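Undergrad: Let me see the structure of the following:
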Amino acid sequence: MADYILAIDQGTTSTRAIIFDRSGARVATGQKEHEQILPQAGWVEHDATEIWSNTQEVIGLALSRAHLTRHDIAGIGITNQRETTVVWDRHTGVPVYNAIVWQDTRTQAIVDRLAADGGTDRFTPIVGLPLATYFSGTKITWILENVDGAREKADAGDLLFGTTDCWVLWNLTGGADGGVHVTDVTNASRTMFMDLKTLEWRDDILDVFGVPRSMMPEIRSSSEVYGTAESSSLLRETPIAGILGDQQAATFGQAAFAAGESKNTYGTGCFLIFNTGEEIVHSENGLLTTVGYKLGDAPAHYALEGSIAVTGSLIQWLRDQLGIIQTAPEVEELARQVEDNGGVYIVPAFSGLFAPYWRSDARGAIVGLTRFANKSHIARAALEAVAFQTRDVLDAVNADAGVDLSELKVDGGMVANDELMQFQADMLGVPVVRPVVAETTALGAAYAAGLAVGFWRDLDELSANWQEDRRWEPQMNAAERDRQLRLWRKAVTKSMDWVDEDVR
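TA: Alright, predicted model coming up:
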């Protein structure tokens, strides 16, 4: 009897395969980082071929560490970095260009061109998203306009597009030899091309972007059998039965199934999702409207989302670009060596400012520096920037929802940082709650797959799996909180209006 579900978590910095049991407990993990390709300022790319190779490797690692075979796996779920764009030849399976990552800002000129007729909210009533470099649409357009031969191949029907869930699924089910070209509603909702009401591609918007319909995958629900792993895979004949974009997967893994429930994920970026149920709610405070999940033939559930571009990747920047730390956990050790940030604030607008500001003209800034500041203050300011940005987004969620959240469920790699979690509770003024399984992204994908193959009965069974691990209560007095937020928001203004026409 198959007693486990395997989730493939294709993230921004690494790919993981995680095996879960019926209680939702993690049994084994395989993980491998992939290269972050930075050709020039504002450009972020991945090698999609490396990602697929790593996917196969981590599946093998997870199975071997758990001493399991394909016969023990009831189903496969996939979750992924959203918006990251892969375009490949349907006949050879070879990408025509590196994957363009969600953080990449090279398409600003395309955004400006499209926004000239109707502004950045030109398509927002239909797709829930403003025109921005963040989403997949302009990335596809850039590839078609800038890669030699891509336009001709696309017009001939020879090219396929997919976010990395789609790329992994296509390869896992056979690739050029019969691979399934499918994505789910949550990933489709991040392209700028899907109508939130009909859950179908909008041909008129595709035409505006110059993207042929033949490139686009079929849109399916988040929980159903899409196909089976092909014969050469270690998981051959195992059904692939769940797909959720990473932030929606984390929400699902937190068992935030009902309207009014929410979570915040601390990963490469930071993403707060607020479930609005079956109602499509358009934000008046800089949030995105997106699909939360859709289970088989049941109605879609929608959500408001606050997207922060740079949180965990700020710590990675301290490690890889500045060399202040050697490993990510060292940032907490450094931060503990000082009582406060020494007046230093970091605004990590490396890809502009996302929610709730949506300022593409912003760039990263470190302000408040004096001779007193040292690397410990820099480390503390980096952690605090994560909490400050989350407060900005939560204020927008509270304004749109009309009722303040009473606590915040959190997950992702950074929630292991106790110093950050305490400061987060202090900045929010509400408790912060971490579950036993903090890596809920992979768990959510596993849940979606498990529901589709009957491994779990229903959402009530999944809710029963959720357990609290730790809770942080606010300790900072209101006057100090207000002072810190005032200085933070002053720092944010210093990052704006930086990009001129001759600035890259």
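Undergrad: Every contact and neighbour count from this point should use C-alpha atoms.
TA: Fine.
Undergrad: ok, now how distant is the residue at the greatest distance from the centre of the chain from G137?
TA: Farthest-out residue of the chain from its mean C-alpha position, per C-alpha atoms, centre = their mean: R371, at 37.5 Å. As defined by C-alpha to C-alpha, to the nearest Å, R371 lies at a distance of 45 Å from G137.
Undergrad: Output the longest helix belonging to the chain.
TA: The residue-count maximum for a helix in the chain (DSSP state H) belongs to helix 375-401.
Undergrad: buried set for it?
TA: 375-397, 400-401 (16 or more other C-alpha atoms under 10 Å).
Undergrad: what mean pLDDT does the very next helix or strand once past it have?
TA: Moving toward the C-terminus from helix 375-401, the next helix or strand (DSSP states H and E) is strand 408-411. The average pLDDT within strand 408-411 is 88.
Undergrad: Number the chain from 31, please
TA: OK, 31 is where the count begins now, so the last one is strand 438-441.
Undergrad: other SSEs contacting strand 438-441?
TA: strand 292-296, strand 462-465 (3 or more C-alpha pairs under 8 Å, 6 or more residues apart in numbering; DSSP states H and E).
Undergrad: Residues touching stretch 224-244, excluding its own?
TA: 156-158, 167-168, 170-171, 184-185, 187, 189-190, 215, 218-219, 223, 249, 310, 320-321 (C-alpha atoms under 8 Å, 6 or more residues apart in numbering).
Undergrad: Can you flag which of these belong to strands?
TA: 189-190, 249, 320-321 (DSSP state E).
Undergrad: Of these, which is the most crowded?
TA: Tallying neighbours with other C-alpha atoms under 10 Å puts V321 at the head of these, with 30 neighbours.
Undergrad: So in terms of bridging, what pairs with it?
TA: Y332 (DSSP bridges).
Undergrad: Likewise for A58?
TA: Applying DSSP bridges, one finds that A58 bridges with I49.
Undergrad: If I follow the layout properly, it ends up in contact with A37?
TA: No: A58 is not in contact with A37 according to C-alpha atoms under 8 Å; the separation is 10.7 Å.
Undergrad: Of those two, give the one with the bigger neighbour count.
TA: More crowded of A58 and A37, by other C-alpha under 10 Å: A37, with 30 against 19.
Undergrad: in a helix, that's where the more buried one is, yeah?
TA: No: with DSSP: H, G, I helix; E, B strand; the rest coil as the criterion, A37 is strand rather than part of a helix.
Undergrad: So what pairs up with it in the strands?
TA: Assigned bridge partners for A37, using DSSP bridges, are I48, G107.
Undergrad: Which pLDDT does the model give it?
TA: Predicted confidence (pLDDT) for A37: 97.
Undergrad: cool, and V533?
TA: Model confidence at V533, given as pLDDT, is 55.
Undergrad: what's the neighbour count on the nearest residue to S44 once chain neighbours are set aside?
TA: Closest residue to S44 apart from its sequence neighbours, by C-alpha to C-alpha, 6 or more residues apart in numbering: E63 at 3.9 Å. By the criterion of other C-alpha under 10 Å, E63 has 14 neighbours.
Undergrad: Need the phi and psi values for E63.
TA: E63 adopts backbone torsions of phi -80, psi 150, taken as degrees, to the nearest 10.
Undergrad: list the contacts for it?
TA: Per C-alpha under 8 Å, 6+ apart, neighbours of E63: 43-45.
Undergrad: Tell me the buried residues within the residues you listed.
TA: Buried positions within those, assessed by neighbour count (16+ other C-alpha under 10 Å), are 43-45.
Undergrad: Which ones among these lie within strands?
TA: Those of the buried ones among the contacts of E63 lying in strands (DSSP E): 44-45.
Undergrad: Let me have the buried ones among the contacts of E63 in TSV, adding distance to I130 as columns.
TA: Compiled in TSV, these are given as follows (distance: C-alpha to C-alpha, whole Å):
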residue	distance to I130
T43	13
S44	15
T45	16
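Undergrad: gap between the two ends of stretch 310-325?
TA: OK, stretch 310-325 end separation, C-alpha to C-alpha: 17 Å.
Undergrad: Give the buried residues for that stretch.
TA: Residues of stretch 310-325 classed as buried by neighbour count (16+ other C-alpha under 10 Å): 310-313, 315-325.
Undergrad: So which of the residues you listed is the closest to T114?
TA: Distance to T114, by C-alpha to C-alpha, is smallest for T320 among these, at 16.3 Å.
Undergrad: Contact partners for the closest residue to the closest one other than its chain neighbours?
TA: Of all residues not flanking T320 in the chain, A333 sits nearest, at 5.4 Å (C-alpha to C-alpha, 6+ apart). Each residue near A333 by C-alpha under 8 Å, 6+ apart is listed here: 303-307, 310-311, 319-322.
Undergrad: mind redoing it with 6 Å?
TA: 304-306, 319-322 (C-alpha atoms under 6 Å, 6 or more residues apart in numbering).
Undergrad: now those residues as a markdown table including distance to A478 and pLDDT?
TA: Shown next, in a markdown table, are the contacts of A333 (distance: C-alpha to C-alpha, whole Å; pLDDT from 0 to 100):
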| residue | distance to A478 | pLDDT |
| --- | --- | --- |
| F304 | 19 | 87 |
| N305 | 17 | 90 |
| T306 | 19 | 89 |
| T319 | 21 | 93 |
| T320 | 18 | 94 |
| V321 | 15 | 96 |
| G322 | 12 | 95 |
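Undergrad: of these, closest to G459?
TA: Proximity of those to G459 (C-alpha to C-alpha) peaks at F304, which lies at 18.2 Å.
Undergrad: show me the contacts for the residue lying closest to the closest one once chain neighbours are set aside.
TA: Nearest non-adjacent residue to F304, counting by C-alpha to C-alpha, 6+ apart: S292, 4.4 Å away. Shown in contact with S292 (C-alpha under 6 Å, 6+ apart): 286, 303-304.
Undergrad: Looking at D119 now. What's its pLDDT?
TA: pLDDT for D119: 97.
Undergrad: what's around it, how many residues?
TA: Close neighbours of D119, defined as other C-alpha under 10 Å, add up to 19.
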